[in-house]
Each structure stands twice: as C-alpha cells, then as structure tokens.
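**Q** what shape does this take:
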Amino acid sequence: MLDRSCNSVSKTIWLNLELIKKPTSCIEYVMVHEFCHLIEKKHNDKFIELMDLHMPKWRMYKDELNRMPLAYEKWKY
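**A** Down below sits the predicted model:
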C-alpha cells in the first residue's frame, strides 16, 4: 500500500506522490479513507460504516489499488 497518513488533531493528510500515477477511483478511495480518519482514528465498525456511507464500492477500489505495484520499477539508463 502507498504510504499515507492522517493527523486528526491538526486535520492534516499526507500522501505519497506515487499515488498520482494510480487511477482516479483509487485516489478517491485513499482520500475518502483519510477523510474518514479525521472522524474515526481506528479501522473499527464506525470507520467501516463511514466508508460504506461515503463510498459504497470502497472495497473494490481498495483491492484494485492493492493489486498494483507501488511504483514503476523498470528504469533504463
């Protein structure tokens, strides 16, 4: 998974710049995920309820993102 984090106290979200190379749906999933963490810190039932409410197909996007490589690894010099 791409590195990302959310600080609910300062209301700050940090994202790995590699995320921009992913499909828009996956970027939206990550954003909704982190926004939900502003309300609920843990991945508990309340968090899942928030995800289901704001992005009903989030599990599909999460699976899609997790199947992708983290970054492009084939470099030519």
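
**Q** list the buried residues in stretch 12-25.
**A** Neighbour-count burial for stretch 12-25, counted by 16 or more other C-beta atoms under 10 Å, picks out 13, 15, 22. Placement of C-beta: from N, CA and C, glycine included.

**Q** out of everything not next to it in sequence, what's closest to the second one?
**A** Sequence neighbours aside, residue 4 is the residue nearest to residue 15 in space, at 5.0 Å (criterion: C-beta to C-beta, 6 or more residues apart in numbering).

**Q** quick revisit: ok, of the buried residues of stretch 12-25, which one's closest to residue 37?
**A** residue 13 (8.1 Å; C-beta to C-beta).

**Q** what pairs with the helix or strand harbouring the closest one, parallel or antiparallel?
**A** Under the criterion of DSSP states H and E, residue 13 resides in strand 12-15. If you go by DSSP bridges, strand 12-15 pairs up with strand 4-7 (antiparallel).

**Q** give me the contact list for the strand it pairs with.
**A** The contact list for strand 4-7 (C-beta atoms under 8 Å, 6 or more residues apart in numbering) reads 12-16, 19, 30, 34, 37-38.

**Q** if we go to 10 Å?
**A** Outside strand 4-7, the residues within contact range by C-beta atoms under 10 Å, 6 or more residues apart in numbering are 12-16, 19, 30-31, 33-38, 41.
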